[in-house]
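> Need the 3D shape of this:
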Amino acid sequence: MTLFFRRLPFAVAAALAVAQLAVSPVPAAAAEVVAVVPFAVPGSEKIQNMDDATGTLATKLTEHGITPKTLPPTDRLGVVANAAQICAQTGATAILVPTTRTEQAVRQKNYVVTTINYFATHVEVRLSRLRCDGTLAWTGTAVGDKDYYASNVQAAVADGITQATGRALDQYAARPADPAAPAAVTGAPAAAPATGTKVAIVPWTQLGAQPDPSLDFTTEEARKRFTARGVNAVVTEPADHLVATKDAPAMCARYGASSLVMGTLRWEQTSKFAGIATHAEVMLTSVDCTGKVIASQDAVGEHLHHGANFRAGVSSAIEDAFGHWAETPLPVVKS
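Reported below is the predicted structural model:
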């Protein structure tokens with residue numbers, strides 16, 4: 001019995017210590033902080049849907065327990081070179097870069113006594129996570145589709161962007177742990193074309209994205225337009241645009257180019273009394289061989305199409321957009 005009472009105080013003390021640990025508050029894990037690049041690109045058309053999409057992305061990030069730090073309108077490729085500065089200024093540990101592609105075609109449903117026009121809307125949202133050194137840690141693509149029957153076609157685009165953004169963020173939340181950043185490549189050869197100036201055009205269809213004939217048409221149209229202005233232009237293998245920007249020295253060396261050109265495309269159609277009106281917006285960005293954005297240009301095109309082949313109307317609108325290029329579409333780095 002004496003032994004029991006001698007041990008009792010120690011047992012009580014241990015129990016009290018355990019109880020104290022149980023009731024002490026456990027520090028909550030700090031929310032991940034990410035810098036968010038807006039959907040709207042500086043210099044592009046002012047589209048309310050793009051501003052709304054940025055707000056939707058920020059809201060959904062918060063719902064996933066992530067703290068967003070939304071940046072002012074920022075060139076998505078320019079983020080690569082400025083990643084360290086962006087992280088330092090925002091306190092973020094990564095940067096999210098969204099890219100959206102929207103297309104809306106007029107289609108018809110034929111019934112026994114009538115024909116109804118509707119707007120088939122397709123949205124693709126590409127969400128990329130950059131490390132603070134500008135390297136790509138993760139990328140995911142999601143789509144949203146909606147058939148819309150009213151005249152306010154922009155409402156369908158907004159719904160599609162929201163749908164695709166939610167799906168892209170679900171992928172983001174379920175992504176595996178970030179892999180280690182790739183080792184820096186030292187002694188990369190400088191790009192030095194033997195003669196003249198050469199532009200390497202990175203296809204509009206990015207690696208891992210859904211194939212689209214309109215994107216292929218835009219890539220080829222860019223090549224033809226540069227060539228027509230006396231610029232030696234080559235189309236590269238498909239690549240993620242952010243990766244191509246980070247790897248600009250190697251890309252330039254591989255293709256003997258003095259700059260890279262890449263861009264985005266959006267288009268939409270509306271039904272008019274005289275036909276189908278197609279509106280296309282082509283954004284081009286030029287990057288030098290250090291990965292620095294040196295120029296960008298936004299061009300829009302219109303075309304009133306007759307007939308059922310809606311793709312022909314899209315191609316004509318893209319051609320019209322390229323027709324509004326400046327005499328020299330984008331500055332090129334002289335060799």
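> What segments of this structure are strands?
32-36, 66-70, 94-110, 115-130, 136-148, 198-201, 232-235, 259-272, 275-288, 293-305 (DSSP state E).
> elements contacting the second one?
When you say that, I think you mean strand 66-70. On a contact count with 3 or more CB pairs under 8 Å, 6 or more residues apart in numbering; DSSP states H and E, strand 66-70 meets strand 32-36, helix 48-63. (Glycine included, C-beta is placed from N, CA and C.)
> What strands flank the first one, and is each parallel or antiparallel?
As defined by DSSP bridges, the strand partners of strand 32-36 come to strand 66-70 (parallel), strand 94-110 (parallel).
> Worst mean pLDDT among these?
For the strands paired with strand 32-36, mean pLDDT drops lowest on strand 94-110, to a mean of 86.
> And that strand, what's buried?
By 16 or more other CB atoms under 10 Å, the buried positions in strand 94-110 come out as 94-106.
> next one: stretch 129-146
Using 16+ other CB under 10 Å as the burial criterion, the residues of stretch 129-146 that qualify are 129-132, 134-142, 144, 146.
> Where is pLDDT lowest across those residues?
Among the buried residues of stretch 129-146, K146 has the lowest pLDDT, at 83.
> Tell me who's in contact with that one.
Residues near K146 by CB atoms under 8 Å, 6 or more residues apart in numbering: 121, 156, 159-160, 163.
> Looking at those residues, which one is closest to D170?
When these are compared for distance to D170 (CB to CB), Q163 wins out at 11.2 Å.
> hey, what's the nearest residue to the closest one once chain neighbours are set aside bridged with?
Leaving aside its sequence neighbours, Q163 sits nearest to G144 (CB to CB, 6 or more residues apart in numbering; 3.3 Å). Listed by DSSP bridges, the beta-bridge partners for G144 are V123.
> For burial, what's the neighbour tally of K224?
13 (other CB atoms under 10 Å).
> quick one: the residue lying closest to T139 once chain neighbours are set aside and A137, what's the gap?
What sits nearest to T139 in space, not counting adjacent residues and going by CB to CB, 6+ apart, is S128, at 4.4 Å. Taking CB to CB, to the nearest Å as the measure, S128 and A137 are separated by 8 Å.
> With G263 instead?
24 Å.
> One more: H305?
Taking CB to CB, one finds H305 at 42 Å from A137.
> Next: D170.
Counting by CB to CB - D170 and A137 are separated by 18 Å.
> got any ranges where the stretch 51-200 of the chain has weak pLDDT?
Residue ranges of the stretch 51-200 of the chain with pLDDT under 70: 151-154, 183-196.
> go with 90
Confidence mapping of the stretch 51-200 of the chain against pLDDT under 90 gives the ranges 51-53, 73, 100-123, 144-162, 175-197.
> Mark out where each domain of this structure begins and ends.
32-173, 198-323 (automatic domain parsing).
> Serialize the strands paired with strand 32-36 to JSON lines and add fields for distance to Q210.
Formatted as JSON lines, the strands paired with strand 32-36 follow (distance: least, CB to CB, whole Å):
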{"stretch": "strand 66-70", "distance to Q210": "26"}
{"stretch": "strand 94-110", "distance to Q210": "9"}
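> what number of residues lie near Y148?
18.
> Contacts only, for it.
When contacts are counted by CB under 8 Å, 6+ apart, Y148 touches 118-119, 121, 155-156, 159.
> Equivalent analysis for D178, please.
Counting by CB under 8 Å, 6+ apart, D178 touches 94, 129, 131, 137-138.
> Which residue, neighbours along the chain excluded, lies closest to the residue nearest the centre of the chain?
What sits nearest the mean C-alpha location of the chain, by CA atoms, centre = their mean, is T99, with 1.9 Å. Nearest residue to T99, sequence neighbours excluded (CB to CB, 6+ apart): R126, at 4.3 Å.
> before we move on, what about D170?
A142 (7.8 Å).
> That neighbour and I116, how far apart?
Going from A142 to I116 by CB to CB gives 29 Å.
> Any idea which of the domains of the chain gets closest to P182?
domain 32-173 (6.2 Å).
> end to end, how far does the closest one reach?
12 Å (CA to CA, to the nearest Å).
> circling back to that earlier point, verify the stated contact: the residue nearest to T99 with P98.
Yes. Contact criterion CB atoms under 8 Å: R126 and P98 qualify, at 7.0 Å.
> Mutual contacts of the two, please.
By CB under 8 Å, 6+ apart, the residues touching both R126 and P98 are A168.
> before we move on, the earlier item: now tabulate the domains of the chain in JSON lines and tack on distance to A180.
Below are those laid out as JSON lines (distance: least, CB to CB, whole Å):
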{"stretch": "domain 32-173", "distance to A180": "9"}
{"stretch": "domain 198-323", "distance to A180": "15"}
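> ok, so of the buried residues of stretch 129-146, who is nearest K60?
The nearest member of those to K60, counting by CB to CB, is A142 at 12.0 Å.
> The closest one and T218, how far apart?
Per CB to CB, A142 is found 22 Å from T218.
> about what we covered before: could you dump the contacts of K146 into CSV and include distance to S286 and neighbour count?
Listed next are those as CSV, based on distance: CB to CB, whole Å; neighbours: other CB atoms under 10 Å:
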residue, distance to S286, neighbour count
T121, 31, 25
A156, 33, 25
D159, 34, 17
G160, 30, 25
Q163, 33, 18
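> Thanks a lot, see you next time.
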